[in-house]
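Predicted model and sequence below, questions to follow.
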Amino acid sequence: MSSAAPARPLTPVTRVLRLCLHALFAGLLALAAARAVTGSAPRAGWTAAVCALLAAGYAAGVRAPAVGRSARAAGVWLAGMGAVWAVLLVLSPDGLWLAFPLYFLELHLLRLRWALAAVAVTACGAIGGFVAHTGAANPGAFLGPLLGGAVAVATVLGYQALYRESERRRELIEELIATRAELAAAERGAGILAERERLAREIHDTLAQGLSSIQLLLRAAERTLSEDPASIRPVPAPADIVPGAAPTGSAIPRASAAPTVSANPAAPAAAPGTSAAPPVPAVPAVPATPATPATPATPATPAAAVSTASAAAALGHIARAREAAQDNLAEARRFVRALTPPDLEHGSLAAALERLCSGVPGPRVRFSVSGVPRELPTPYEVALLRIAQSALANVVRHARAGRAEITLTFMDSSVTLDVVDDGRGFDPDRAPSGDGGFGLPAMRARAESLGGLFTVESGPGQGTAVAVTLPLPLET
C-alpha cells in the first residue's frame, strides 16, 4: 500500500489489525529480552538494551505522522529499524521472530516494488541469523522465513485487493446516493412545475374567465347607465307628489312662502286690560286665486319608462356579476384544496355544461348531447368542463360571435366535446394573444394529459371549431 495514497479514517477492522501488529511486535521483543535475561545467555544485557532500543524506535515511528504520510520518511524509519534488528540477530537467535511483523510493516508502508525487495532482504537476514547461531543449514532454516514472508505478502496483497474493492463499492454507493438525491430533487422540481402548471390552468380556466365575465357584465351595466343618464336620478312616484309642493328629490329649490296678510280691514279686538294697538292702514286685498283642483295621477312618461327599463337591465347585469364573483370564489377555494369543481359535485357533466351555456354573457349558446350518456371518471369530467369554459371564454372575448354551440358526444370507446361559433375566426398558426396565448396550449395540455386529441379549425371570417376527443378507459 502506497504511503502517498490519501489517508482515510480507519475502519474497525483496520484498527484491530494495527493493534494486533503492535501487540505482536511488543510481545516478541519482550519474549526475546526475557529469554536473554532468564537464560543467562551471553551478552544478555546488550540483548535487552537492543530490544529496548527497538521498542523505542517502533513507538516513535508509530506516533510520527510523517511515517504514515511520506514514503521517504517510512523508508528511513524502516532502514533504521532493520539495522537495529540486524544487531539483535547478531546478539540473539530469538531476534529471528521479529522478521514476521517486519514483513507487514514493509508491505504496509512501502510501495509494492520496494516492499517486496525489503521482504526478501528481511527473509535473507532471518535465514542468515538462524544459520549463524545454530550452525546447521537444514531446510527448516530456509522454509520458515520464506514461508512467513510469502504468507505476509499474500495476506497484505489480499487485504489491499479487498480494500480497493471496498473503496470502489463505497464510491459506487456514494454516487448512487448522490444520484438518488439528484433524482429526488429533479422529481421535486418536476412536481413543483407540474403543480404550478396545474394552478395556472385552473386559474386561467376558472378565475380568469370568471373575472373577465364580471368585467364584461359591469361594463355593460356602465354602458347602459351612461346611455340613459335619467336612469341614475331618483324618480318620485306619483303618490309622493303634493299639489303646490316641489317634488321630493328634485334639484329645484322650493320657493319661500310669503307672509300672510289679513284681508279683513277690521282689526281684531284687543284683549281685556290691554291698550289697543294703533290702527294700521288698510292694505288693498289681493284677489284670491282660485284653488287649483287636484290633478289626477298621470301615467308614466316614455322617458320614465325608458329609465326604469335601463335601471332594470343594469341591475340584471350587476346581479349576474355578483353571481359570477360568488362562483369564482367557490372555484378558488376548490382548486386550492384540489377538490372536484362545484359544478360537478351535485350533477353530471352534461348538466354542468348546460348551466355553463345558460350563463354565458353575449352570444346565444346551445348545448346538446349525442349518443348514450355514461359516467366518466372525474379527471375526464374536469378536463372537459375546463376546456368548455376556456373555449367559451375565447368566444366571448375574441370571436364576436352571435351564436355558439357545444356538443358532447358519447361513443363506444371515446367521448368528444365540440365547441363551434360563427365569429370572426382567426389563423390557428397565429393564435390571438389577448390572454398571453395560454388558452389554447392549456386546453391542449389538458387533453394530452389524458391521452386525448385536441384540434382547432378556424379561419378569418369563418368561425372557429374546437374539438377534443378523450379515449374512454376499459371497463373491468
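Done, it's in.

Output the longest helix belonging to this structure.
helix 139-202 (DSSP state H).

Give the other helices and strands that that one contacts.
Packed against helix 139-202 by the contact rule (3 or more C-beta pairs under 8 Å, 6 or more residues apart in numbering; DSSP states H and E) you find helix 99-109, helix 112-134, helix 302-337, helix 439-449. For every residue, glycine as well, the C-beta is placed using N, CA and C.

what about these, which gets the closest to Arg35?
Minimum separation from Arg35 across these (C-beta to C-beta) falls at helix 112-134, 12.8 Å.

which stretches of the stretch 201-350 of the chain aren't confidently modelled?
Low-confidence segments of the stretch 201-350 of the chain (pLDDT under 70): 201-209, 212, 227-307, 329-330, 332-343, 345-346.

Please repeat the previous calculation with a cut-off of 80.
Within the stretch 201-350 of the chain, the ranges that satisfy pLDDT under 80 run 201-347.

which residue sits closest to Arg446 in space, ignoring its chain neighbours?
Leaving aside its chain neighbours, Arg446 sits nearest to Ala383 (4.6 Å; criterion: C-beta to C-beta, 6 or more residues apart in numbering).

Report the secondary structure state of that neighbour.
helix (DSSP: H, G, I helix; E, B strand; the rest coil).

any idea how far it is from Pro471?
Computed as C-beta to C-beta, to the nearest Å, the Ala383 to Pro471 distance reads 12 Å.

Now for those two: what residues contact both?
Shared contacts of Ala383 and Pro471 (C-beta atoms under 8 Å, 6 or more residues apart in numbering): 450, 452.

which of those two has more neighbours?
Of the pair Ala383 and Pro471, Ala383 is the one with more neighbours under other C-beta atoms under 10 Å, namely 24 against 14.

how close does that one get to Leu470?
7 Å.

do Asp421 as well
22 Å.

quick one: which of the two has more around it?
More crowded of Asp421 and Leu470, by other C-beta under 10 Å: Asp421, with 27 against 23.

Now the more buried one: phi and psi?
Asp421 adopts backbone torsions of phi -140, psi 160, taken as degrees, to the nearest 10.

residues contacting it?
The contact partners of Asp421, taken as C-beta under 8 Å, 6+ apart, are 363, 395, 399, 401, 403-405, 463-464.

out of these, who's nearest Leu88?
Checking those one by one against Leu88 (C-beta to C-beta), the nearest turns out to be Thr464, at 103.3 Å.

Read off the pLDDT value for the closest one.
What the model reports for Thr464 is a pLDDT of 93.

Go through the contacts of Asp421 and flag which are in strands.
403-405, 464 (DSSP state E).

how far away is the most centrally placed residue in the chain from Ala185?
The chain has Ile192 as the residue nearest its centroid, 2.8 Å off, counting by C-alpha atoms, centre = their mean. Ile192 sits 10 Å away from Ala185, taking C-beta to C-beta as the criterion.

Arg198 now?
Counting by C-beta to C-beta, the gap from Arg198 to Ala185 is 20 Å.

Between those two, which is the more surrounded one?
For Arg198 versus Ala185, neighbours defined as other C-beta under 10 Å are more numerous around Arg198 (15 against 10).

Distance-wise, check the more buried one relative to Arg446.
For Arg198, the distance to Arg446 - C-beta to C-beta - is 10 Å.

next one: Ser414
If you go by C-beta to C-beta, the gap between Ser414 and Arg446 works out to 15 Å.

More neighbours: those two, which one.
The neighbour comparison of Ser414 against Arg446 (other C-beta under 10 Å) goes to Arg446, with 23 against 13.

Pretty sure Phe454 sits in a helix.
No: per three-state DSSP, Phe454 lies outside any helix segment and is strand.

Tell me, what's the model's pLDDT at the residue nearest to it when sequence neighbours are not counted?
Nearest non-adjacent residue to Phe454, counting by C-beta to C-beta, 6+ apart: Ala447, 3.9 Å away. Note for Ala447: predicted pLDDT of 91.
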